[in-house]
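turn this into a model:
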Amino acid sequence: MQKRQVLKGLIPVALALCLPSGFAQTAPFKIGFILPMTGQSASTGRQIEAAVKLYMAQNGSTVAGRKIELIIKDDAAVADTTRRLAQELVVNDKVDVIAGFGITPTAMATAPIATQSKTPMVVTAAATSVITTASPYIVRTSFTLPQAAVSIAEWAAKNKIKRVVTLVSDYAPGIDAEKFFKSQFTAKGGQVIAEIRSPLKSPDFAPFLQKVRDEKPDAVFVFLPSGQGAAFMKQFAERGLDKSGIKLIGTGDVTDDDQLNDMGDVALGVVTSHHYSASHNTPLNKKFVAEFEAANKFRPNFMGVAGYDGMALIYKALAATKGQGGGDALIAAMKGITFESPRGMITIDPETRDVIHDMHIRKVERVGGQLYNVEFDVEKQVKDPGKAAAK
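Model (predicted):
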């Protein structure tokens, strides 16, 4: 009788010990995206939100028995706002993953929170090389500016471009682009005859374009953040540079698929280097573009594909942990993972947690009445040159 009573008393304790694990397994898996849905970078937020929702529509909202709960917050690309929202998501909403981050300052502002809380942080936009070094819990699915800048520098040097002016936005990604373009281009025998930096917020490109014209280079290398390309191209034409014989080359941000059709004929012939074009010719990308356009009435761009791949990465990592999740386990599952994206095959570098992918050289052409970045050359599976340079 006494033995039965002891066993009876142990049953509630045993159940109590089992409940947390079982509850965690069936509790919703929360993903908090912090995106610039308003302000100058709103196109980035719009693209990523649309892509994330498309991925969930295609792949369901349950992974390994866990219901996926998506929370989207607007930071308007203001770092102080991002930091506050990240803290609220981690402490109040108890998210399992934070993601998004439209520009470098917002990602850097969040890194200490990810580290302290051991929350995986998936960067789907910001592209400065140093970002993944700011926390061991950061993984990136977008790209790095050195990847794009080095690739277009290689192409320019091979194609009889000798003298170049660089024109970049005056913040960390622009400085990355300028530094790595110049380093690679001069190493191949080219000359950077002037370096121009434009303000990040509300830039008037006219005085900078006049400086370019006065220098009479073979080409101008341009980096602009997503969303500024249309304004730049309009002023490029207004200053007559499209008829000056000065070639326009750059990273793919300047001929952003989201704005390309609005740029008009001035964009024709512009050569850029990037990891994604809506015209990328694979069955998976054709399906992605068709379903994205059907759902949103606009074309996906490089930010959209990074958001789509960010969700794919989170889903695959959660499945690999059999629904258990947990910051360290999820990060371990993400390192070294390889899968097919609409951009092509991608791998998360197990050492740097940065994306490894193909970098395409593209030229703007008119196809079926619309403007597209048409790929004509490729450098396969490019790691971040910024990390290599830092070693």
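
could you measure from residue 383 over to residue 151?
From residue 383 across to residue 151, the span is 12 Å (CB to CB, to the nearest Å). Yep, even glycine has a C-beta here, placed from its N, CA and C like the rest.

pick out whichever of the two has more residues nearby.
residue 151 (28 against 18; other CB atoms under 10 Å).

confirm that that one sits in a helix.
Yes - residue state for residue 151 (DSSP: H, G, I helix; E, B strand; the rest coil) corresponds to a helix.

ok, it - contacts?
Each residue near residue 151 by CB atoms under 8 Å, 6 or more residues apart in numbering is listed here: 273, 359, 361, 379, 382.

pLDDT wise, what is residue 52 at?
Residue 52 carries a pLDDT value of 98.

follow-up on the earlier one: in strands, which of the contacts of residue 151 appear?
273, 359, 361, 379, 382 (DSSP state E).

spatially, which two of those are the most separated?
361 and 382 (12.0 Å; CB to CB).

can you list the ones in strands among the contacts of residue 151 in TSV and add pLDDT and neighbour count?
TSV is the format used below for the ones in strands among the contacts of residue 151 (pLDDT from 0 to 100; neighbours: other CB atoms under 10 Å):
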residue	pLDDT	neighbour count
273	97	27
359	97	25
361	97	22
379	94	15
382	95	21
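
go through those residues and name the one nearest residue 325.
Of the ones in strands among the contacts of residue 151, the one sitting nearest to residue 325 (CB to CB) turns out to be residue 382, at 30.9 Å.

for that closest one, give me its contacts.
Residue 382 neighbours (CB under 8 Å, 6+ apart): 147, 150, 151, 356, 357, 358, 359.

kindly recompute the last result at 6 Å.
By CB atoms under 6 Å, 6 or more residues apart in numbering, residue 382 lies in contact with 147, 359.

check residue 113 too.
86, 87.

where's it, which helix or strand?
Element membership for residue 113, per DSSP states H and E: helix 104-117.

which parts of that helix are buried?
Going by neighbour count (16 or more other CB atoms under 10 Å), the buried part of helix 104-117 is 104, 105, 106, 107, 108, 109, 110, 111, 113, 114, 115, 117.

repeat that for stretch 141-158.
141-157.

let's see that stretch as CSV, backbone CA atoms only.
Extracted in CSV, the C-alpha atoms of stretch 141-158 (Å, rounded to 0.1, in the frame of the first residue of the first chain):
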residue,chain,number,x,y,z
THR,A,141,21.0,34.7,-47.4
SER,A,142,21.3,38.0,-49.3
PHE,A,143,24.8,38.7,-50.7
THR,A,144,27.9,40.8,-49.9
LEU,A,145,29.0,43.8,-51.8
PRO,A,146,32.5,42.5,-52.3
GLN,A,147,31.1,39.5,-54.1
ALA,A,148,29.4,41.7,-56.7
ALA,A,149,32.1,44.4,-56.9
VAL,A,150,35.0,42.0,-57.5
SER,A,151,33.1,40.2,-60.2
ILE,A,152,32.2,43.4,-62.2
ALA,A,153,35.8,44.6,-61.7
GLU,A,154,37.1,41.4,-63.3
TRP,A,155,34.7,41.8,-66.3
ALA,A,156,35.6,45.5,-66.8
ALA,A,157,39.4,44.8,-66.8
LYS,A,158,38.8,42.0,-69.4
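
rounded mean pLDDT for that stretch, please.
When pLDDT is averaged over stretch 141-158, the result is 95.

shift numbering so it begins at 9
New numbering, starting at 9: the last item is stretch 149-166.

so what does the strand or helix carrying residue 61 touch, helix or strand wise?
Secondary structure from DSSP H and E places residue 61 in helix 50-67. Applying 3 or more CB pairs under 6 Å, 6 or more residues apart in numbering; DSSP states H and E, we find helix 50-67 packed against helix 291-304, helix 310-328.

quick revisit: which of the buried residues of helix 112-125 sits closest to residue 58?
Distances from residue 58 to the buried residues of helix 112-125, taken by CB to CB, are shortest for residue 114, at 19.4 Å.

who are the contact partners of the closest one?
With CB under 6 Å, 6+ apart, residue 114 has these contacts: 87, 90.

now with 8 Å, please.
By CB under 8 Å, 6+ apart, residue 114 lies in contact with 42, 44, 83, 85, 86, 87, 90, 134.

among the residues you listed, which are in helices?
87, 90 (DSSP state H).

can I get the contacts of residue 114 in JSON lines with neighbour count, pLDDT and distance to residue 254?
Converted to JSON lines, those look like this (neighbours: other CB atoms under 10 Å; pLDDT from 0 to 100; distance: CB to CB, whole Å):
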{"residue": "42", "neighbour count": "30", "pLDDT": "98", "distance to residue 254": "39"}
{"residue": "44", "neighbour count": "28", "pLDDT": "97", "distance to residue 254": "32"}
{"residue": "83", "neighbour count": "28", "pLDDT": "98", "distance to residue 254": "37"}
{"residue": "85", "neighbour count": "29", "pLDDT": "94", "distance to residue 254": "31"}
{"residue": "86", "neighbour count": "18", "pLDDT": "96", "distance to residue 254": "36"}
{"residue": "87", "neighbour count": "17", "pLDDT": "97", "distance to residue 254": "36"}
{"residue": "90", "neighbour count": "28", "pLDDT": "98", "distance to residue 254": "38"}
{"residue": "134", "neighbour count": "27", "pLDDT": "94", "distance to residue 254": "30"}
